[in-house]
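J.: Dropping a prediction and its sequence here:
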Amino acid sequence: MFQRSKSLTSPLHTAPLQGTACGEVACSRRVALARGGALVAGGIAAVLSPDALAAADQGSARQPKLVSSDYWTVKERDGAQIRLAMYRKHLEEPTADGSSRPVLFLVHGSSISARPSFDLSVPGHGEYSLMNALAYRGFDVWTMDHENYGRSSRTGGNSDVASGVEDLKAATQKVAHETGQPRLHLLGESSGALRAGAFAAAEPDRVARLVLEAFTWTGRGSPTLGKRAEQLEFFRTHNMRPRDREMIRSIFTRDKAGTSDPAVADALADAELQYGQSVPTGTYLDMTANLPLVDPIKVHAPVLLIRGEHDGIATLDDLLNFFKALPNPDRQFVIIAGAAHALTMSLNRQAFWHTVDAFLTLPPSTAA
């Protein structure tokens with residue numbers, strides 16, 4: 001419930017990329033395709049090559065600094081208090097007009113905790129911190145270690161998606177208290193997208209815009225989940241599963257090798273394995289036995305559904321069926337070319353940063 005630390009971070013690259021993916025083009029009901037950085041909407045393409053995006057991100061000699069802070073919040077279950085570690089980054093300088101920065105909360109997946117997932121350092125290999133990338137673009141960026149991950153409390157639970165929703169309820173209350181903003185943007189990756197989507201359905205008034213990255217809906221036809229289901233009985237009978245360096249490396253190669261820098265997998269393993277060699281089974285059990293867990297009809301926020309071209313966690317048809325069922329016409333579907341499941345750490349991650357920024361800063365629509 002208290003702030004643990006605060007520090008200033010010198011930036012590694014440029015000022016925010018500004019602008020939207022659509023410009024003057026109406027984005028309602030848009031299905032967008034990012035091919036090598038080209039966003040296509042209604043037949044109109046804005047070409048943004050990954051090299052151009054990277055050059056823009058490296059072009060400034062001086063940058064404002066980031067403030068990095070740690071927090072704790074608590075959720076209660078069966079009379080016990082479960083401590084959840086939280087992390088925050090934002091620009092040190094206030095906004096020009098004194099307004100609050102938009103809050104963005106990042107939700108991690110099944111195998112890696114928050115800071116390694118979203119604030120990874122890979123010296124000599126470019127920027128891999130999503131927190132940095134989006135904080136430089138003007139967001140007040142938060143994330144959290146879910147129960148049994150990272151620095152958060154260890155319990156006897158399996159940290160399934162329902163548990164993750166309760167984590168998010170506690171964490172977003174802390175964010176609202178610290179920022180004075182009751183609504184926030186939410187971005188979840190992989191099973192974190194299931195947590196984020198389920199939270200958005202349960203607490204629709206709390207979510208301004210929702211990004212579902214590497215999401216799966218029913219799981220039908222997914223090669224990744226088909227292979228994972230071979231261990232279903234283990235997931236049913238154990239609350240923790242082994243997770244070693246080789247398993248972390250496999251995240252980057254299981255769909256298509258060559259979509260990421262090999263140095264990233266080892267840096268990620270180095271950052272994550274300090275927390276142990278095992279992680280909870282709950283989300284794996286949910287994804288192999290309990291899907292679907294997110295009802296699109298109950299998700300009222302604008303949604304960006306974004307995936308890597310080679311991601312095996314869901315079929316294109318499964319995601320399009322979910323997309324078509326969303327009730328809000330302010331919705332986008334984007335494929336990042338040359339990327340797989342580890343989208344935020346792929347070679348084409350700059351296209352992901354740009355797409356997320358464009359969606360979250362989209363101008364309000366004008367009623368017809």
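T.: Received the coordinates, thanks.

J.: quick one: contacts for the residue nearest to Ala85 when sequence neighbours are not counted?
T.: Nearest residue to Ala85, sequence neighbours excluded (CB to CB, 6 or more residues apart in numbering): Arg151, at 3.8 Å. From N, CA and C alone the C-beta is placed, and that goes for glycine too. By CB atoms under 8 Å, 6 or more residues apart in numbering, the contact list for Arg151 reads 85, 113, 145, 275.

J.: so where's the stretch 251-368 of the chain uncertain?
T.: 368 (pLDDT under 70).

J.: now could you export just the CA positions of the helix with the most length in the chain as PDB?
T.: Counting by DSSP state H, the longest helix found in the chain is helix 161-179. Only the C-alpha atoms of helix 161-179 are listed here, as PDB (Å, rounded to 0.1, in the frame of the first residue of the first chain):
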ATOM      1  CA  VAL A 161      -7.600 -15.800 -15.000                       C
ATOM      2  CA  ALA A 162     -10.300 -15.200 -12.400                       C
ATOM      3  CA  SER A 163      -7.600 -14.600  -9.800                       C
ATOM      4  CA  GLY A 164      -5.900 -12.200 -12.200                       C
ATOM      5  CA  VAL A 165      -9.200 -10.200 -12.600                       C
ATOM      6  CA  GLU A 166      -9.200  -9.800  -8.800                       C
ATOM      7  CA  ASP A 167      -5.600  -8.600  -8.900                       C
ATOM      8  CA  LEU A 168      -6.500  -6.000 -11.500                       C
ATOM      9  CA  LYS A 169      -9.400  -4.800  -9.300                       C
ATOM     10  CA  ALA A 170      -7.000  -4.100  -6.500                       C
ATOM     11  CA  ALA A 171      -4.300  -2.700  -8.700                       C
ATOM     12  CA  THR A 172      -6.600  -0.300 -10.600                       C
ATOM     13  CA  GLN A 173      -8.000   1.000  -7.300                       C
ATOM     14  CA  LYS A 174      -4.400   1.900  -6.300                       C
ATOM     15  CA  VAL A 175      -3.800   3.600  -9.700                       C
ATOM     16  CA  ALA A 176      -6.900   5.600  -9.300                       C
ATOM     17  CA  HIS A 177      -5.900   6.700  -5.800                       C
ATOM     18  CA  GLU A 178      -2.400   7.700  -7.000                       C
ATOM     19  CA  THR A 179      -3.400   9.500 -10.200                       C
END
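
J.: Could you check it and say which residues are buried?
T.: Applying a neighbour-count criterion of 16 or more other CB atoms under 10 Å, one finds 161, 163-168, 170-172, 174-175, 178-179 buried in helix 161-179.

J.: what about Glu147, which helix or strand?
T.: If you go by DSSP states H and E, Glu147 is not part of any helix or strand.

J.: So it versus Trp217, what's the distance?
T.: Distance of Glu147 to Trp217, computed by CB to CB, to the nearest Å: 24 Å.

J.: What of Gln63?
T.: Using CB to CB, Gln63 is found at 39 Å from Trp217.

J.: swap in Pro223?
T.: Taking CB to CB as the measure, Pro223 falls 15 Å from Trp217.

J.: and the two? which has more neighbours close in?
T.: Trp217 (27 against 13; other CB atoms under 10 Å).

J.: ok, for the more buried one, nearest residue in space, not its chain neighbours?
T.: Excluding its sequence neighbours, the residue lying closest to Trp217 (CB to CB, 6+ apart) is Phe322, at 4.1 Å.

J.: how many other residues sit next to the one you found?
T.: 24.

J.: give me the element it is part of.
T.: If you go by DSSP H and E, Phe322 is part of helix 316-325.

J.: List the contacts of the closest residue in space to Ser129 that isn't next to it in sequence.
T.: Excluding its sequence neighbours, the residue lying closest to Ser129 (CB to CB, 6+ apart) is Asp119, at 4.7 Å. Shown in contact with Asp119 (CB under 8 Å, 6+ apart): 87, 89, 129-132, 143.

J.: Would you map the strands across the stretch 151-300 of the chain?
T.: Here the stretch 151-300 of the chain has its strands, by DSSP state E, counting those that start in this stretch, at 184-189, 207-213, 240-242, 278-280.

J.: ok, and what's touching the first one?
T.: For strand 184-189, contacts defined as CB under 8 Å, 6+ apart pick out 102-109, 117, 139, 142, 172, 175-176, 194-197, 199-200, 206-215, 301, 343-344, 356, 360.

J.: before we move on, the earlier item: from the middle of its chain, how far away would the longest helix of the chain be?
T.: Put simply, helix 161-179 sits 15 Å off its chain's centre (CA atoms, centre = their mean, to the nearest Å).

J.: do the same with stretch 96-112
T.: Computed by CA atoms, centre = their mean, the separation of stretch 96-112 from the middle of its chain amounts to 10 Å.
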